[in-house]
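Visitor: Pasting a predicted model and its sequence here:
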Amino acid sequence: MADSYLRRTPEQELLLKFYEEADEETGLFRTTSDILNMLLGSSNIKTMNTVNLGRAISALKWKKSIQGTGKHKRYGYFIQEKTLAMNRQV
């Protein structure tokens, strides 16, 4: 099935509304939990969880990154906030 025919989840819609994938130089490293907390503060949806948000990020094919070494590894994504002008268009 083509991606254009798939319905987006509320988590995907919020991700695409407020954030975009970035690289290490332009983005900030955030874990799925970090992103969840930011989205919960920006929306009325209170039923989101890290599992569904992780699935939404995977469906959007954002690149997962690792920070830290040994026992202190953190898995997350480099993201950046969309500008206010871009949010008004969505």
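Guide: Looks like it arrived, so ask away. Numbering: from 1, shown residues only.

Visitor: Parallel or antiparallel, list what pairs with the helix or strand that contains Tyr75.
Guide: In the assignment (DSSP states H and E), Tyr75 maps to strand 74-81. Using DSSP bridges, strand 74-81 pairs in its sheet with strand 19-21 (antiparallel), strand 28-30 (antiparallel), strand 64-67 (antiparallel).

Visitor: and the longest one, which residues are buried?
Guide: To tie it back to what came earlier, the one meant is strand 64-67. For strand 64-67, a neighbour-count test (16 or more other C-beta atoms under 10 Å) marks nothing as buried. (Each C-beta comes from the backbone N, C-alpha and C, glycine too.)

Visitor: Let's see the pLDDT reported for the residue positioned nearest the centre of the chain.
Guide: Residue closest to the average C-alpha location in the chain (C-alpha atoms, centre = their mean): Leu15, at 4.9 Å. Per-residue confidence (pLDDT) for Leu15: 94.

Visitor: Can you tell me how far the spatially most distant residue from the centre of the chain is from Leu36?
Guide: Of all residues in the chain, Gly70 has its C-alpha farthest from the mean position, at 25.1 Å, by C-alpha atoms, centre = their mean. Distance of Gly70 to Leu36, computed by C-beta to C-beta, to the nearest Å: 26 Å.

Visitor: and the gap between Gly41 and Ile35?
Guide: Relative to Ile35, and taking C-beta to C-beta, Gly41 is found at 11 Å.

Visitor: When these two are compared, which one has more neighbours?
Guide: Using other C-beta atoms under 10 Å as the criterion, Gly41 and Ile35 rank with Ile35 on top: 24 against 7.

Visitor: sec struct for the nearest residue to that one once chain neighbours are set aside, please.
Guide: Excluding the flanking residues, the one nearest Ile35 by C-beta to C-beta, 6 or more residues apart in numbering is Leu53, at 6.4 Å. Following DSSP: H, G, I helix; E, B strand; the rest coil, the label given to Leu53 is helix.

Visitor: Thanks a lot, catch you later.
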